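>>> Dropping a prediction and its sequence here:
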Amino acid sequence: MAKVPRNFRLLEELEKGEKGIGDGSCSYGLEDGDDIMMSSWNGTIIGPGHTVHENRIYSLKITCGDNYPEVPPDVQFLSRVNLPFVSQVDGKVDRSKLPVLAGWNRNLSLENVLVEIRKEMASFNNRKLPQPPEGSMF
């Protein structure tokens with residue numbers, strides 16, 4: 001099977017992101033519509049219900065490097081959050097601690113990353129972790 005070139009793949013993802021994902025709990029789009037390399041993306045996650053994250057909106061920055069989708073994107077929370085895979089210094093997600101990034105393959109997408117982060121927020125170990133004040137940023 002032929003590999004889809006990086007920019008075609010990112011165009012597909014942009015189109016899907018603009019239409020909205022599933023139940024609307026996650027979204028993503030280009031940071032700058034004029035970014036012809038489609039490297040810098042914004043992501044949003046609405047905190048899962050029945051957790052300490054409920055009714056919170058988390059902003060993320062996603063960077064797709066030159067080797068995406070062979071290499072996973074870099075993901076960084078802009079909103080402060082307390083999760084075991086997020087640096088408390090700068091909000092960067094540690095790829096090795098988040099299964100969707102640690103086990104990355106080219107068939108995964110930005111949508112998969114956001115949905116998996118949201119699932120991790122709702123997981124037994126993370127859903128009651130004390131969180132920084134709402135609205136605080138890195």
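It's in.
>>> Could you check how far the residue nearest to H53 when sequence neighbours are not counted is from E134?
Distances taken as CB to CB, 6 or more residues apart in numbering place G47 nearest to H53, at 2.8 Å, with adjacent residues excluded. (C-beta placed from N, C-alpha, C; glycine too.) Per CB to CB, to the nearest Å, G47 is found 10 Å from E134.
>>> Quick check: neighbours shared by these two?
R56 (CB atoms under 8 Å, 6 or more residues apart in numbering).
>>> So the residue nearest to H53 sits against V81, correct?
No. The criterion here is CB atoms under 8 Å, and G47 misses it with V81 at 9.0 Å.
>>> would you list every one of the helices in the protein?
Counting by DSSP state H, the chain has these helices, from start to end: 6-19, 99-102, 110-122.
>>> now the last one, how far from the chain's geometric center?
I take that to be helix 110-122. Relative to its parent chain, helix 110-122 has a centroid offset of 7 Å by CA atoms, centre = their mean, to the nearest Å.
>>> List the buried residues for it?
L110, E111, V113, L114, V115, E116, I117, R118, E120, M121 (16 or more other CB atoms under 10 Å).
>>> One more: the first one?
Applying a neighbour-count criterion of 16+ other CB under 10 Å, one finds R6, R9, L10, E13, L14, G17 buried in helix 6-19.
>>> what's the answer for stretch 22-39, then?
Within stretch 22-39, the residues scored as buried using 16+ other CB under 10 Å are C26, S27, Y28, L30, M38, S39.
>>> Could you report the distance from the residue nearest to D94 when sequence neighbours are not counted to R127?
Take D94 and drop its neighbours on the chain: the residue closest to it by CB to CB, 6+ apart is F85, 5.1 Å away. According to CB to CB, F85 stands 15 Å off from R127.
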